[in-house]
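[1] okay, structure incoming, though there's no sequence with it:
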């Protein structure tokens, strides 16, 4: 029968390395434009007055709660007088967009106004509330204005240095508190060498009429303007559960930015930058958060907006493709920002490990390996070989080698970390259990089932006691123990643990989280082994749809589920349905993992099985030989995958009437399965029957 896909194993993640943040460098601020030397009128001096107010308040260490609101009201009143005298333009079917952006000085004026209005409640007010409570009433003039229009006409039509063509388009969630948004934008402006002028819809759109703009305006006039700005600034937070990824308008804006070829910067909020997150060793959480993008389930304040966006998405790119597109856009942007951070702070070992983890989660294994090795060498030199930070770096480099399929290197590192932690921290410490879990995962992959089961059970008991049975880390162990039982043919035990894990992950992470999808895939394998083909196909399709939406059509896990679906069709003799899926899975894995990776060899082997069933023995033989040679080199002579490949090649020789060439392969498989799986495993029984039939 066809060799089944290697179980997905919830691999050990990067460990937290507690590092003190490096001292932040002082940033030289761009100097404010000097005031013109000539005399100016009272009306023209409005913005200079604004700068002086802000400078005076800052010098005294506190905002003046009266001057900001008074100044804003004065500007708007003057704007109404000026604007009302301007001849009305003929109504446009799709009105032009305001190209001017606001400077940090304007944002600060709005902050002072909001503080004056709300008093002690200021920190709790959302951007929506600031718009409805302050800006819309102030700008309810005849005609109504945007804040930018008011600032322009309130200074006798002279465009101040505080209004210039926007160089950042701000994408944000209106449910964020205004203080979060404003302080993030002000902080970002201080860190840039160039002066910032934000296209911030709160200020640049006429809030009295924006809601009535047709959807065509957003997809044409607005989209072109975003492209002209050329740089999208996404306000993003919290980093492990970002609000914008759940908002329809934000996803639409990001999709527009992709179409227009805009550069993107992801700006983490709440005072925590990307550097700080990477230094804490939880970079994989960023990648996992991106994988939760689901445009179909995203929300909007206005149900009509949601309906229009959904209709447009369905008629054009489709929800799945939009999710993939936006995820890749943000993933690449974050990786680029991480690279830039590391270039500035090359000696920061915590940052180095965080960026390496980001690379690992994105499949950039060579870059990750280089950084992990540099980080480990740095910790050994500064902290010693037995320090907790050093051992975390050891474990993380082991994770990298495990992902690459270099199991000898991974075992050496995992064993080093475990033995040292048992001595320095004790056998039940949470860090010791993490090393035991890593080593158990490796043993399972190498078919050392007794050692793997003993370590998994040890870790499961320890994590249940320390973290509880429903903690994600505990569920990881439950899941991998189910994988182990499934591989051993203990289907009933495996199914029970899979369903336990599935319920826990759906409750904690949601039904479309990648970790939940992993369980669906392997539960599908158990159902296939029980010949419950309808249930298996349903589970595979759920997993495939989820992986394509969350990770993309070319991700290795997408290739895994495609391979398994092909196996299912082959088991039912639906060979025409299976063949294109095998080719697709093989292409994905060859490109991303290389031709000698065990997962790639799985697809090579399975395609050979298909060719044999189709009677294409010439096409099948070189594939069987490639799989056998590759498995032996990467996994070892007696690994279960190697032994199954030997049986498959032997079967081909029998079909070609080459019995003498098949016999040694069958004997080798029987000896190996007896040693690794025991005499009662189905694979051992198959090998024994083949030896008997061929008198091997």
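    Looks like it came in fine. Please read all numbers here as calculations on a predicted model, not as lab measurements.

[2] next up, the contacts around the residue nearest the centre of the chain.
    Per CA atoms, centre = their mean, the C-alpha nearest to the average position across the chain is that of residue 287, at 2.4 Å. If you count contacts by CB atoms under 8 Å, 6 or more residues apart in numbering, residue 287 has them with 331, 358, 361, 362. In this view, the C-beta of every residue, glycine as well, is placed from N, C-alpha and C.

[3] what's the distance between it and residue 514?
    Taking CB to CB, to the nearest Å as the criterion, residue 287 is separated from residue 514 by 9 Å.

[4] and if you look at residue 572?
    On the measure of CB to CB, residue 572 and residue 514 end up 28 Å apart.

[5] which of those two has more residues huddled nearby?
    In this comparison of residue 572 against residue 514, neighbours counted by other CB atoms under 10 Å, the higher total goes to residue 514 at 20 against 15.

[6] from memory residue 301 sits against residue 173, does it?
    No: counting by CB atoms under 8 Å, residue 301 does not reach residue 173; the two are 10.0 Å apart.

[7] higher neighbour count, these two?
    Set side by side, residue 301 and residue 173 show unequal neighbour counts under other CB under 10 Å, the larger going to residue 173 at 24 against 14.

[8] and the strands in this structure?
    Defined through DSSP state E, the strands belonging to the chain, from first to last, are 100-102, 163-165, 168-171, 198-199, 231-236, 263-268.

[9] report the buried members of the contacts of residue 287.
    With neighbours counted using 16 or more other CB atoms under 10 Å, those contain these buried positions: 331, 358, 361, 362.

[10] select from those every entry located in helices.
    Of the buried ones among the contacts of residue 287, the ones assigned to helices by DSSP state H are 331, 358, 361.

[11] of the residues you listed, the lowest pLDDT goes to which?
    Of all those, the one the model is least sure of by pLDDT is residue 361, with 78.

[12] that one and residue 381, how far apart?
    Counting by CB to CB - residue 361 and residue 381 are separated by 27 Å.

[13] please apply the same query to residue 249.
    Taking CB to CB as the measure, residue 249 falls 49 Å from residue 381.

[14] excluding residues flanking it in the chain, which one is nearest residue 557?
    Closest residue to residue 557 apart from its sequence neighbours, by CB to CB, 6 or more residues apart in numbering: residue 547 at 5.2 Å.

[15] neighbour count winner among residue 249 and residue 381?
    Applying other CB under 10 Å to residue 249 and residue 381 shows that residue 249 carries more neighbours, namely 22 against 11.

[16] ok, now which ones touch the more buried one?
    Residue 249 makes contacts with 300, 305, 309, as judged by CB under 8 Å, 6+ apart.

[17] and if you look at residue 545?
    Residues in contact with residue 545, defined by CB under 8 Å, 6+ apart, are residue 320.

[18] for residue 211, same thing?
    Applying CB under 8 Å, 6+ apart as the definition, the contact partners of residue 211 turn out to be residue 302.

[19] can you report how many residues lie near residue 550?
    Number of residues near residue 550 (other CB under 10 Å) recorded here: 24.

[20] I figured it hits residue 514, correct?
    Yes: look at residue 550 against residue 514 with CB under 8 Å: they come within range, at 5.5 Å.

[21] now the common contact residues for these two.
    Residues within reach of residue 550 and of residue 514 at once, by CB under 8 Å, 6+ apart, are residue 291.

[22] how about residues contacting stretch 454-467?
    Stretch 454-467 is touched from outside by 428, 430, 433, 436-437, 439-440, 443-444, 471, 473-474, 477-478, 480-481, 484, with contacts defined as CB under 8 Å, 6+ apart.

[23] just the buried residues of those.
    In terms of neighbour count (16+ other CB under 10 Å), the buried residues within the contacts of stretch 454-467 are 433, 436-437, 439-440, 443-444, 473-474, 477-478, 480-481, 484.

[24] can you list the residues you listed in CSV and add pLDDT and distance to residue 681?
    Output for the buried ones among the contacts of stretch 454-467, formatted as CSV (pLDDT from 0 to 100; distance: CB to CB, whole Å):
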residue, pLDDT, distance to residue 681
433, 95, 29
436, 96, 26
437, 95, 25
439, 96, 23
440, 95, 20
443, 94, 17
444, 91, 15
473, 92, 30
474, 95, 28
477, 95, 23
478, 96, 23
480, 92, 19
481, 96, 18
484, 94, 13
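
[25] out of those, which one sits closest to residue 212?
    Closest approach to residue 212 among these (CB to CB): residue 473, at 50.4 Å.

[26] what is the neighbour count of the spatially closest residue to residue 290 that is not a sequence neighbour?
    The spatial neighbour of residue 290 that comes closest, neighbours along the chain excluded (CB to CB, 6+ apart), is residue 327 at 5.0 Å. In terms of burial, residue 327 registers 21 neighbours under the definition other CB under 10 Å.

[27] ok, residue 327 touching residue 293?
    Yes: the pair residue 327 and residue 293 passes the contact test of CB under 8 Å, sitting 5.2 Å apart.
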